[in-house]
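Novice: Sequence and predicted model, in that order:
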Amino acid sequence: MVTHVPAEAQGDERGALLSFVEAQRGAIRRSVLGLTEEQAASRPSASELSLSGLLKHVAETELNWLRMAQQKPNEKARTQETWGDSFRLVGDETVPGMLAFWDSVANETEDFIHSVPSLNDTFPLPPAPWFPKDGEVSMRWLLLHLVEEIGRHAGHADIIRESLDGKGAFDLIALERG
């Protein structure tokens with residue numbers, strides 16, 4: 001989606017990267033504007049993706065990367081058995097509740113990034129077949145990865161939303177602005 005992403009301050013790399021992460025978050029948030037819980041949970045294609053499921057997935061994914069960077073346990077860690085629940089709202093979960101949860105994660109991410117001494121600081125990657133053995137990534141890498149991850153799913157959300165009611169990115173920006 002075409003939006004202007006301002007840096008926090010001229011030459012401020014942290015602010016610029018956080019602004020790009022926030023721009024991608026905004027695209028996902030807008031995708032559920034004006035929808036009922038049922039519409040947000042619907043799957044209008046052969047894919048199992050829904051807007052509310054994407055919302056939950058990106059919120060939990062950001063939390064997971066934040067906890068890795070903080071080197072803290074993830075209170076919402078998924079197992080192989082619960083992985084599917086990261087793509088759908090379950091129990092009493094709602095779109096407004098998930099938006100509020102993601103807002104808290106986003107605020108914590110931004111506070112954490114502003115607190116680290118350098119974007120060059122690193123943290124270890126967990127053992128996984130897709131990560132290098134004993135791999136580490138920087139805080140800069142983390143922010144770029146969040147742009148990539150959330151942006152990829154924002155594209156999915158654009159397609160799903162257009163399939164539901166024909167509203168595209170510009171329509172949703174206008175709806176958000178009233």
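Specialist: In hand now; what should we look at?

Novice: what's around L63, how many residues?
Specialist: Neighbour count for L63, taken as other Cβ atoms under 10 Å: 21. Backbone N, C-alpha and C define where each C-beta goes, glycine included.

Novice: before we move on, which element is it in?
Specialist: helix 51-70 (DSSP states H and E).

Novice: Now do the buried residues in that helix.
Specialist: Residues 51-69 are the ones in helix 51-70 that count as buried (16 or more other Cβ atoms under 10 Å).

Novice: Give me the spatial nearest neighbour of A106, chain neighbours excluded.
Specialist: Closest residue to A106 apart from its sequence neighbours, by Cβ to Cβ, 6 or more residues apart in numbering: R25 at 6.2 Å.

Novice: ok, now which ones touch the one you found?
Specialist: Going by Cβ atoms under 8 Å, 6 or more residues apart in numbering, R25 touches 58, 102, 106, 150.

Novice: Counting only strands, which of those residues make the cut?
Specialist: Judged by DSSP state E, strands contain none of these.

Novice: Present those as CSV; the columns should include distance to W83 and pLDDT.
Specialist: As requested, those are exported to CSV (distance: Cβ to Cβ, whole Å; pLDDT from 0 to 100):
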residue, distance to W83, pLDDT
V58, 15, 98
W102, 19, 98
A106, 23, 98
I150, 19, 98
